[in-house]
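> I'll drop the sequence and a predicted model, then ask my questions.
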Amino acid sequence: MRAFVNREHAATFGQRVVLNSVSAELDELRAAVRKMERMRDRMRRIDKELGDASTFAEYVRRGLRAAGVGIVHIARDAAGRPRNASNYITVRADDGASVLEAAGRLEAIALMLFGRRVEAA
């Protein structure tokens, strides 16, 4: 899941699914495409039911639900350093409040860092 913090993108939030495989079999690729299509369809149903997500944290919560994710590891901060288990907050995806809190915290850090870059420019 990603948030765009500049005005160059038509949508504020988006998702990107990538298959990293040099030697993927055709059947694996077909299965991956079907899963991505199901996720897209579920996201559309959720958006139709609830309207557009007002925050990135809410968008993440909906995306996890659409993808059928059970457990989530969310970075504690926005630093680009190598990470180990202590750098992540682990929450159950069905605990919406915990997902919103952890993703919202990361969103606030990213916005703060982006704001500093704008001021420095």
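That came through, no problem.

> Where do the strands of this protein begin and end?
Remark: strands assigned in the chain by DSSP state E are 2-3, 13-14, 71-75, 88-92.

> closest one to residue 108 among those strands?
Minimum separation from residue 108 across the strands of the chain (C-beta to C-beta) falls at strand 2-3, 11.3 Å. Using the backbone N, CA and C atoms, a C-beta is placed for each residue, glycine as well.

> low-scoring stretches of this protein, by residue?
1-21, 77-82, 114-121 (pLDDT under 70).

> need the helices for it, in chain order.
26-50, 56-67, 96-120 (DSSP state H).

> Now do the buried residues in the first one.
Spelled out, it's helix 26-50. Neighbour counts over helix 26-50 (16 or more other C-beta atoms under 10 Å) mark 39, 42, 43, 46 as buried.

> could you dump those to CSV with distance to residue 107?
Shown next, in CSV, are these (distance: C-beta to C-beta, whole Å):
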residue, distance to residue 107
39, 21
42, 22
43, 18
46, 19
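
> circling back: show me the one of the strands of the chain that comes nearest residue 50.
Of all the strands of the chain, strand 13-14 comes closest under C-beta to C-beta, at 13.6 Å.

> quick one: buried residues of stretch 85-97?
Those would be 89, 91, 93, 96, for stretch 85-97 by 16+ other C-beta under 10 Å.

> Thanks a lot, see you next time.
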